[in-house]
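how does the following fold in three dimensions:
(2 chains)
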Amino acid sequence: MTPSDASSEGSTTRTGTLLREDDEPSFDVLRERLETGDEAAFERIFRRLSQPVFHFVRGMVQDEPLAQDITQDTFAKLWSIRDRIDAVDSLRAYVFQMARNRVYNHQRDQQVHRDNEEDLREAHPEVSPPAPDEALDADLLRSLLEQWVGDLPDRQREALTLRRRKDLSHDEIAEVMGVSPNTVNNHIVRAMDALRDRLRDYRPDLLS
Amino acid sequence: MDTPSPPFLFDELADDDDEQREYERIWRLLRRSDKERADAYDVDEEWAQLADRLDLGTAGADDTASDVPPSSRRAQDRPARSPDSSAVARRRRWTRALTVAAIVLCLVGGGVLWWSQPASMTAAVGERTTVALPDGSTVELNGGTTIEYPRGFSSFPLIGSSIREVRLEGEAFFSVVESDRPFRVTTPNARVEVLGTEFNVRTRTQDDTPQTRVAVTAGTVQVAGTAPDAKSIVLDERGETSEVSGGDASPTDPTIADLKYVQAWRDGGFGLAEASLLTILRELEYRFGTSLRLGVPVSETDTMTLHYARDARLEDVLRDVCIVQGLTYRETSQGYELVRD
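Predicted structure coming up:
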């Protein structure tokens, strides 16, 4: 596409702002701009953080549309409290924390829900084996792993999910989870051990 | 862009190199899932929805687009191109040409790589599936089974190989079309060669010892170990069965087995003759995709024979097993455990 094509689309279609890595303002700057109700700043925050947040939420809930909803809710909430975020230390960690609260709230509601109709459901309906008819061995292994990650205790899964991508620093992860950095490590170690044990139990030969 | 790297911990965490490799493998697989999830997330679409919901203007302060109805925003919602200068545009054209070249290269390279890799089919634990091979032969896969065969298996007359070769891990029933090219099934410790026949191969590895069991329903097959001088035996009677146990072993002399045990899994049932309880539980795990643990020493249990012609249910099988063995089963977070009353 040539420049003249682009401009002929007219200003009404220019919904995004061209984002370039090098002139990207820091989160501190964005937070200050967000406080004043700057929509462009909000969009930038969304574009930079929503996918990492989605990834985290998706790691915690086994349902993609639900994870999308929770991510949206998180940012909607951020927008609604924009004039009260001046005390926030790390905007990134704060957004993750909001998402985390939503995840746990949802799980709590689900728990109540599930308790009510436990008789109708099996204990873990989602833990049925994967059915990739012509999948590669690695795909099979991967879907099993995902299943097993889903079986991990929440905190372990959380630490593991957050640590896998480099969206947050180690200290920020600790802040989001409300524990010490050492505890984060312990969670990851235990999670990895559990996954390895299950893989070994499942098929010892796969690891060799 | 975040670079994939195993976390700092693995060196401290792992007792030896093997363990470290295991952790790294798990980590790699998880990261690949992460990438797929990230790719599935469309930030433009999500932003359009959120902007709609919060009733935000669609652009920065300079050009508001409040006159655009929300519905038309979605299609147009992508980062606007900046008509800054022709230098930027030139750079972008170059980038695009390079991108196209790179994509073409990747496709060609990928195609070559793809062709050189064997095709692979897997029936997940708890699943069964049927695979049609390029030569018209069919393979029914039991749960937890993988087969591999070269992509040049038959389709190209000039470069087709002189033998039809399939690698098997797990259990499968083969219906082989007759051809002058021999058909060979390779397991970790045995080779089965045929000209046109129907037969069942089960190969499992336990305590590092691969075991392969071949049963023929029609035609003739030849079974051999993988060692160069391993003797081979011929199965040519319906029901004849031979076993290869361990790496350098030779096949046992043929015995006649009841084929109903082979037929059972193909019909959705379950069958094993004179098997140890550990073997039975392991096969049930493959068949149903559920973790099963034996809570008593295997020496305190007996070998047994099970046969469900079709539609076997795990709970029924476990109940029957427990009655015979004087055990009881209980549900655990991962599956079931068999314990003494």
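
for the chain, which spans come out with low pLDDT?
If you meant another chain, say so; for now it's chain A. A:1-23, A:112-138, A:203-208 (pLDDT under 70).

not quite, go with chain B.
Those would be B:1-14, B:57-90, B:115-116, B:152-161, B:195-196, if you go by pLDDT under 70 across chain B.

quick one: is stretch A:25-37 near chain B?
No - Stretch A:25-37 stays out of contact with chain B when judged by Cβ under 8 Å from any Cβ of the partner chain, the minimum separation being 10.2 Å. Using the backbone N, CA and C atoms, a C-beta is placed for each residue, glycine as well.

neighbours of the closest residue to residue A:170 other than its chain neighbours, how many?
Nearest residue to residue A:170, sequence neighbours excluded (Cβ to Cβ, 6 or more residues apart in numbering or on different chains): residue A:181, at 5.5 Å. Each residue near residue A:181 was counted by other Cβ atoms under 10 Å in any protein chain shown, and the total is 15.

pretty sure residue A:181 is touching residue A:171, no?
Yes - contact status for residue A:181 versus residue A:171: in contact at 6.0 Å, counting by Cβ atoms under 8 Å.

just checking: what are the partner strands of the longest strand anywhere in chain B?
Secondary structure of chain B per DSSP state E: the longest strand is strand B:164-175. Applying DSSP bridges, strand B:164-175 is found paired with strand B:138-141 (antiparallel), strand B:145-149 (antiparallel), strand B:183-186 (parallel), strand B:198-206 (antiparallel).

that strand: which residues count as buried?
Neighbour counts over strand B:164-175 (16 or more other Cβ atoms under 10 Å in any protein chain shown) mark B:164, B:165, B:166, B:167, B:168, B:169, B:170, B:171, B:172, B:173, B:174, B:175 as buried.

wait, what's in contact with the last one?
Right, the one you point to is residue B:175. By Cβ atoms under 8 Å, 6 or more residues apart in numbering or on different chains, the residues touching residue B:175 are B:137, B:138, B:139, B:198.

from chain A, how far off is the residue nearest to the spatial centre of chain B?
With distances taken as Cα atoms, centre = their mean, the residue of chain B nearest its centroid is residue B:122 (3.4 Å). Residue B:122 sits at a distance of 5 Å from chain A (criterion: Cβ to the nearest Cβ, to the nearest Å).

for residue B:103, same thing?
17 Å.

and that residue, how many neighbours?
Residue B:103 has 11 nearby residues by other Cβ under 10 Å.

also residue B:119?
18.

part of a helix, is residue B:271?
No - counting by DSSP: H, G, I helix; E, B strand; the rest coil, residue B:271 falls outside a helix, being strand.

that one against residue B:264, yeah?
Yes - between residue B:271 and residue B:264 there is a contact under Cβ under 8 Å: 3.4 Å.

what do these two both touch?
B:307, B:308, B:309.

make a ChimeraX selection of whichever of these turn out to be buried.
Of the shared contacts of residue B:271 and residue B:264, the buried ones can be selected in ChimeraX as follows, counting by 16+ other Cβ under 10 Å:
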select /B:308
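
let me know the closest of the buried residues of strand B:164-175 to residue B:287.
Distance to residue B:287 across these (Cβ to Cβ) is lowest for residue B:171, with 9.4 Å.

bridging residues for that closest one?
residue B:202.

residue contacts, it?
Residue B:171 touches B:141, B:142, B:145, B:200, B:201, B:202, B:203, B:204, B:265, B:286, counting by Cβ under 8 Å, 6+ apart.

quick check: it vs residue B:336, distance?
21 Å (Cβ to Cβ, to the nearest Å).

show me where the chain has its helices.
Defaulting to chain A. Taking DSSP state H as the test, the helices found in chain A are A:3-8, A:27-35, A:39-60, A:64-80, A:91-116, A:137-151, A:154-164, A:170-177, A:181-202.

other chain: chain B
B:9-13, B:17-40, B:43-54, B:70-76, B:86-116, B:260-266, B:277-288, B:314-325.

save those helices as JSON lines, and put in distance to residue B:222 too.
Converted to JSON lines, the helices of chain B look like this (distance: least, Cβ to Cβ, whole Å):
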{"stretch": "helix B:9-13", "distance to residue B:222": "47"}
{"stretch": "helix B:17-40", "distance to residue B:222": "37"}
{"stretch": "helix B:43-54", "distance to residue B:222": "59"}
{"stretch": "helix B:70-76", "distance to residue B:222": "64"}
{"stretch": "helix B:86-116", "distance to residue B:222": "29"}
{"stretch": "helix B:260-266", "distance to residue B:222": "19"}
{"stretch": "helix B:277-288", "distance to residue B:222": "26"}
{"stretch": "helix B:314-325", "distance to residue B:222": "34"}
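
state the number of residues packed around residue A:82.
20.

and it, what is it in contact with?
So residue A:82 contacts A:34, A:35, A:37, A:42 (Cβ under 8 Å, 6+ apart).

rerun at 6 Å
residue A:34 (Cβ atoms under 6 Å, 6 or more residues apart in numbering or on different chains).

again, but for residue B:177
Applying Cβ under 6 Å, 6+ apart, the residues near residue B:177 are B:135, B:136, B:137.

and it, how far from residue B:16?
48 Å.

number of nearby residues for the residue lying closest to residue B:270 once chain neighbours are set aside?
The shortest distance from residue B:270 to any non-neighbouring residue, by Cβ to Cβ, 6+ apart, is to residue B:312 (4.1 Å). Using other Cβ under 10 Å, residue B:312 has 21 neighbouring residues.

is it correct that residue B:312 is in contact with residue B:269?
Yes - the pair residue B:312 / residue B:269 is scored as a contact, 4.9 Å apart, by Cβ atoms under 6 Å.

can you spell out the domain ranges of the chain, please?
No chain in the question, so chain A it is. A:21-122, A:133-203 (automatic domain parsing).

correction: the question concerned chain B.
Split by automatic domain parsing, chain B gives B:9-40, B:81-117, B:119-257, B:259-341.
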